[in-house]
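K.L.:
next input, structure requested:
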Amino acid sequence: MTMDKRIREKINEFLDKQGVKRTDLAALLGMKVPTLISQLNGTRGLSIDVIMKIFAAYPDLNKDWVFTGSGEMLYSELTSKSSPAALMSRIDQLKSTVKEYEMELLKRDAQIELLQKMLQDK
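P.N.:
The predicted structure follows:
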């Protein structure tokens, strides 16, 4: 499963569980309904801007759960169920996840630089 698909599925799962209508979400995010729906159903790619707006609108939504499927859907669920030792373990897991994302970003930056150079050489 691609990361885009996993993120889209998790966001839709959250919205469904919270009973959030897509029309209400579009209004909250300042978007046109068809644009939002096309991103949430996979017709168009899910933009980072939309993801960040959703996180800003719903601060209790656990970002790690959205990106990796790990942990609880809501931060409030995570902290209410976890012991200090479990939280420390979770912090270590998150640090590892951040490192993985940083490596992926570095790879993509290198690809972008290569593509830009190829365009300049034409």
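
K.L.:
state the mean pLDDT of stretch 97-114.
P.N.:
Confidence for stretch 97-114, expressed as mean pLDDT, is 88.

K.L.:
tell me what whichever strand or helix holds residue 119 is packed against?
P.N.:
Element membership of residue 119 [criterion: DSSP states H and E] is helix 84-121. Contacting helix 84-121 under the criterion 3 or more CB pairs under 8 Å, 6 or more residues apart in numbering; DSSP states H and E are the following elements: helix 63-68. For every residue, glycine as well, the C-beta is placed using N, CA and C.

K.L.:
buried sites along the helix it packs on?
P.N.:
Neighbour-count burial for helix 63-68 flags 63-66, 68 (criterion: 16 or more other CB atoms under 10 Å).

K.L.:
burial of residue 113, as a residue count?
P.N.:
For residue 113, the count of nearby residues is 10 (other CB atoms under 10 Å).

K.L.:
lowest mean pLDDT among the helices and strands of this protein, which one is it?
P.N.:
Lowest by mean pLDDT, DSSP states H and E among the helices and strands of the chain is helix 75-81, with a mean of 70.

K.L.:
how far away is residue 9 from residue 49?
P.N.:
With distances taken as CB to CB, to the nearest Å, residue 9 is found 19 Å from residue 49.

K.L.:
ok, those two, which is more surrounded?
P.N.:
Set residue 9 next to residue 49 and count neighbours by other CB under 10 Å: residue 9 wins out with 15 against 11.

K.L.:
let me see the contact set for the more buried one.
P.N.:
By CB atoms under 8 Å, 6 or more residues apart in numbering, the contact set of residue 9 is empty.

K.L.:
phi, psi for it please.
P.N.:
Torsion angles at residue 9 (phi, psi; degrees, to the nearest 10) stand at phi -60, psi -40.

K.L.:
list the contacts of residue 46.
P.N.:
Per CB under 8 Å, 6+ apart, neighbours of residue 46: 4, 7-8, 11, 39-40.

K.L.:
drop anything exposed from those.
P.N.:
For the contacts of residue 46, buried by 16+ other CB under 10 Å: 7-8, 11, 39-40.

K.L.:
just the ones of the contacts of residue 46 in helices?
P.N.:
Applying DSSP state H to the contacts of residue 46, the entries found in helices are 4, 7-8, 11, 39-40.
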